[in-house]
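1. Here is the input, now give the coordinates:
(one chain, ligands or ions: 1)
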Amino acid sequence: MSKHRVGIEALAVALPERYVELEDLAKARGVDPAKYTTGLGGKQMAVTDPGEDSVALAANAVGALLRATGQDPGQLGMLAVGTESGVDHAKPVASYVHGLHGLPRAMRTFDIQHACYGGTAGLMAAAEWIASGAAAGRKALVVCADVARYELLGPGEPTQGGAAVALLVSDTPDLLALDLGISGAATQHVHDFWRPSGRREALVDGHYSVKCYLEALGEAYRGWRQRALERELVRPGPTLPSEQLARLLFHVPFCKMAKKAYAHLRQVDLELAAGAPLSAEALAKESAALEAKLAGQVGSSLWLNARVGNAYTASLYLALAGLLETEASALAGQRLGLFSYGSGYCSELFSGVVGERAAARIAAAGLEELLARRERVDVAEYERLYRLAADAPEARAPRPGMFRFTGIDSEGRRQYAAG
Ligand code: COA
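-> The predicted model follows:
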């Protein structure tokens, strides 16, 4: 494991200005609301218009981060945006964000695309850049920004949403010091979810994507577990290695996925400890105890995801924000496990230790205030916004300090307004 303390110093969140209640959506679709709330685990779903594209969301999160931290932009050396909602085949979202904030010219700026995994790839690239010494004291901005969009009336419809999370990555990891060199990764070329160029809606084989997610989780966890045991971050014995993690955070395309993931991870861990598949009796015992264990190790990380919906690359980091908002003080000094999954697929299970200043850092993100200032819309309004052409944003003034996409000029260049 790297001797350097590197990780997330601070984070900020940008949320779309509007949301729809999933109960309203279920009623409009003639579906039992319990399917969306209990079956998928959601409450609300963020609603965007084309003015809140991935650039605007990313720029808004970066603006919030710079304001909350007072970070000197001159100390930044890298801006990486993880997104699968890119707006141009050549010009990255990061380039727009760099320009909108007038960031220093002596910086690397780039996007990383691998479905919902891109933000984690950016975080690892930034952390390892700093740990290697190449950063020479500079910090990185890593932004996870996405709009999750599936076909109206399709099975993916209640699992849409959108958000951006900006991470300040440095050698002062007040929020989370990463265990560099310990993570486990798993990759495979599959078609569980994809979005051919030019399409606005993802194509997805939903149930297959759940299967792929779980398979990737098992493989990535095995990699992390082996290295964590070798480096004595966790120890063999009656307490499972995964139980030695204070909390487990998962990529959350819909909240119920975290429950499926947790159950699968425990089964993998129990079978590795036993050296054999679990008997039917052991599985039944495990299943009976699952809800209580889930509530303790995962439950407090899901409330923010339940109110935003899917945010692709940002979902895992919304879970981190939600967890720290609820439990940062109690978790200071304790180790978390985080699982990132991007369809296609690439995944990584990594860990980190919550910093002593995490409570103050997350308070500065003002999550409750962000949620409180959103506007609830009905299903008719959600559908109207959904149907707007991608290059035809609503004429709506950006809030002070925020950005909106306003249209495309005659040369095909995207335009943004600042509030
Ligand atoms: N009350 C309570 N629960 C209900 C219910 C009701 N009336 N009706 C259904 N449910 C439950 C189901 O039992 C199921 O739970 P389970 O998975 O624990 O068995 C859950 O609600 C979903 O129902 P299901 O019939 O499987 O939903 P679906 O076929 O419409 O699609 C997804 C669900 C997730 C596959 C779909 O929303 C999708 O494709 N989403 C996008 C892809 C995605 O998010 N993939 C995740 C990995 S990246």
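2. And the pLDDT at the residue in the chain sticking out farthest from the centre?
-> Centroid-distance maximum for the chain: Glu281 at 36.0 Å, with C-alpha atoms, centre = their mean. Glu281 is assigned 95 on the pLDDT scale.
3. distance of it from Cys346?
-> For Glu281, the distance to Cys346 (C-beta to C-beta, to the nearest Å) stands at 36 Å. Where C-beta positions appear, they are placed from N, C-alpha and C, glycine not excepted.
4. Then Thr159?
-> Going from Thr159 to Cys346 by C-beta to C-beta gives 20 Å.
5. Same question for Arg18.
-> Computed as C-beta to C-beta, the Arg18 to Cys346 distance reads 32 Å.
6. When those two are compared, which one has more neighbours?
-> Cys346 (22 against 18; other C-beta atoms under 10 Å).
7. is it true that the more buried one touches Tyr117?
-> Yes. Here Cys346 lies in contact with Tyr117, judged by C-beta atoms under 8 Å, at a distance of 4.6 Å.
8. Which positions within the helix or strand hosting Asn305 qualify as buried?
-> Asn305 belongs to helix 303-308 when assigned by DSSP states H and E. Residues of helix 303-308 classed as buried under the neighbour-count rule (16 or more other C-beta atoms under 10 Å) are Trp303, Leu304, Asn305, Ala306, Arg307, Val308.
9. And the fifth one, what's its pLDDT?
-> In this prediction, Arg307 carries a pLDDT score of 98.
10. Would you mind confirming that it is in contact with Ala372?
-> No. Under the criterion of C-beta under 8 Å, Arg307 makes no contact with Ala372, lying 10.9 Å away.
11. Against Ala274, how distant is the residue in the stretch 101-250 of the chain that the ligand sits nearest to?
-> At 2.2 Å from the ligand, Gly206 is the closest residue in the stretch 101-250 of the chain, using C-beta to the nearest ligand atom. Gly206 sits 32 Å away from Ala274 when distances are taken as C-beta to C-beta.
12. Between these two, which is the more surrounded one?
-> A direct count of neighbours by other C-beta under 10 Å for Gly206 and Ala274 places Gly206 higher, at 16 against 11.
13. Verify the stated contact: the more buried one with Glu157.
-> No. Gly206 is not in contact with Glu157 according to C-beta under 8 Å; the separation is 11.0 Å.
14. Return the residues of the protein in contact with the ligand.
-> 32, 34-35, 38-40, 155-156, 159, 204, 206-207, 209-210, 213, 253-254, 256-257, 343 (C-beta under 6 Å from any ligand atom).
15. Take these and keep only those in helices.
-> Judged by DSSP state H, those include Ala34, Gly206, His207, Ser209, Val210, Tyr213, Lys256, Met257 as members of helices.
16. Would you list the buried entries among the residues you listed?
-> Buried residues within those, defined by neighbour count using 16+ other C-beta under 10 Å: Gly206, Ser209, Val210, Tyr213, Lys256, Met257.
17. correct me, but the fifth one touches Tyr36?
-> No. At 10.0 Å, Lys256 does not count as touching Tyr36 under the criterion of C-beta under 8 Å.
18. Help me confirm that Met78 is found in a strand?
-> Yes. Assessed by DSSP: H, G, I helix; E, B strand; the rest coil, Met78 belongs to a strand.
19. Tell me the spacing between the closest residue to it other than its chain neighbours and Ser279.
-> In space, and not counting its chain neighbours, Met78 is closest to Ala140: 3.9 Å by C-beta to C-beta, 6 or more residues apart in numbering. Going from Ala140 to Ser279 by C-beta to C-beta gives 48 Å.
20. Look at the two and report which has more neighbours.
-> Shown here are Ala140 and Ser279; by other C-beta under 10 Å, Ala140 has more neighbours (25 against 10).
21. which SS class is the nearest residue to Gln267 once chain neighbours are set aside?
-> Once flanking residues are discounted, Gln267 sits nearest to Leu278: 6.5 Å by C-beta to C-beta, 6+ apart. Per three-state DSSP, the local secondary structure of Leu278 is coil.
22. What's the local residue count around Leu278?
-> 15.
23. again, but for Glu201
-> Neighbour tally, Glu201, other C-beta under 10 Å: 16.
24. That one contacts Leu153, doesn't it?
-> No. The pair Glu201 and Leu153 does not pass the contact test of C-beta under 8 Å, sitting 11.4 Å apart.
25. Now do the contacts for Tyr382.
-> Going by C-beta atoms under 8 Å, 6 or more residues apart in numbering, Tyr382 touches Arg18, Val20, Leu25, Val47.
26. Considering those residues, which possesses the most neighbours?
-> Busiest of these [other C-beta under 10 Å] is Val47, holding 26 neighbours.
27. Specify the beta-bridge partners of that one.
-> Val47 has these beta-bridge partners by DSSP bridges: Arg18.
28. pLDDT averaged over the helix or strand that contains Ala10 - what is it?
-> Assigned by DSSP H and E, Ala10 belongs to strand 7-14. Averaging pLDDT along strand 7-14 gives 98.
29. Tell me the residue of the stretch 1-150 of the chain that sits nearest the ligand?
-> Nearest residue of the stretch 1-150 of the chain to the ligand: Gly39, at 2.1 Å (C-beta to the nearest ligand atom).
30. could you check the distance from that residue over to Gly70?
-> Separation of Gly39 from Gly70 (C-beta to C-beta): 44 Å.
31. So for those two, which residue has more residues nearby?
-> Between Gly39 and Gly70, counted using other C-beta under 10 Å, the more crowded position is Gly39 (15 against 7).
32. Next up, the contacts around that one.
-> Residues near Gly39 by C-beta under 8 Å, 6+ apart: Lys256.
33. same question, Leu245
-> By C-beta under 8 Å, 6+ apart, the residues touching Leu245 are Val234, Gln297, Arg335, Leu336, Gly337, Ser351.
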